[in-house]
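>>> coordinates for the following, if possible.
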Amino acid sequence: MSAQSDAIERAAGEYIQARTALEAAPGARARLHVDRCFARLARLAAPQIRWLARRHGLAGHLDDAEQAGAIALHRAAERYDPDRARFVTFAHWQIRAELQALRQKLYGGTVARAPLSLDALCDAGANDWLADPEALSATEGGASDRLADLCLQRLVADWRARRGTAIRDPETARRDRKLEADRALLQRHFLDVDSIPARLCEADRHVLRRAIADMARHARRL
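Residues are numbered from 1 along each chain as shown. Predicted coordinates for the structure are as follows:
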């Protein structure tokens, strides 16, 4: 997945959550949050909508195409089922359908193909290539990596705080530089302990051994 696709996936999730919250507890603030979430989603999807508009011969009607794309995004969010496809894939076909309908409206019968919808594609047996068989494992792997990274950040931050109280140096700036250097060293090599001895000097290895032992002791108490 590209960074742009990931950003659209996150924005779509936030928009859907905001819509759900608005339905559960209507209010001006909730409505404003929904509008802001959709504006962010539309902004991220705008390059794809413009690209598809040009592909459909609508380069001279980009404003109308963007409105059609916004309608498609609304519809995609209402009908989205994460078990069937990623949101980017689902929205792509909704946008295509709206743009094809707009082209037919503007140019009459010059369009060779009828508008498509995701439901029609699925009815035609397109589930085999629309569904992403690696989506679940990729999501779980990403969540696992993120949790591991957060755990690492917390362990290093706690160690730095304990180390700061142990260093006795009257010069605060020098102590802070030492702490930051040790923290950066630890964070760089924490997940690559096996190869550390071949790359680091003895002083750095000593810092790492003591820091990891200290974090292990405190982690067992949690």
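
>>> longest helix in this protein, by number of residues?
Using DSSP state H, we find that the single longest helix of the chain is helix 135-166.

>>> and that one, which residues are buried?
Within helix 135-166, the residues that count as buried by 16 or more other C-beta atoms under 10 Å are 155, 156, 159, 160, 163. For glycine as for every other residue, the C-beta is placed from the backbone atoms N, C-alpha and C.

>>> what packs against that helix?
Helix 135-166 sits against helix 172-189, helix 202-221, with contacts defined as 3 or more C-beta pairs under 8 Å, 6 or more residues apart in numbering; DSSP states H and E.

>>> relative to residue 103, which of these is closest?
Closest approach to residue 103 among the helices and strands packed on helix 135-166 is made by helix 172-189 (53.2 Å; C-beta to C-beta).

>>> so what touches that closest one?
With contacts defined as C-beta atoms under 8 Å, 6 or more residues apart in numbering, helix 172-189 is touched by 152-153, 156, 159-160, 163-164, 167, 169, 196, 200, 204, 207-208, 211-212.

>>> from those, which shows the smallest pLDDT?
Of all those, residue 196 carries the smallest pLDDT score, 49.

>>> what would the helices and strands packed on helix 135-166 look like in a markdown table with mean neighbour count and distance to residue 9?
Listed next are those as a markdown table, based on neighbours: other C-beta atoms under 10 Å; distance: least, C-beta to C-beta, whole Å:
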| stretch | mean neighbour count | distance to residue 9 |
| --- | --- | --- |
| helix 172-189 | 14 | 28 |
| helix 202-221 | 13 | 33 |
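
>>> what's the closest of those helices to residue 11?
Of all the helices and strands packed on helix 135-166, helix 172-189 comes closest under C-beta to C-beta, at 29.6 Å.

>>> just give the nearest non-adjacent residue to residue 9, would you?
residue 87 (5.6 Å; C-beta to C-beta, 6 or more residues apart in numbering).
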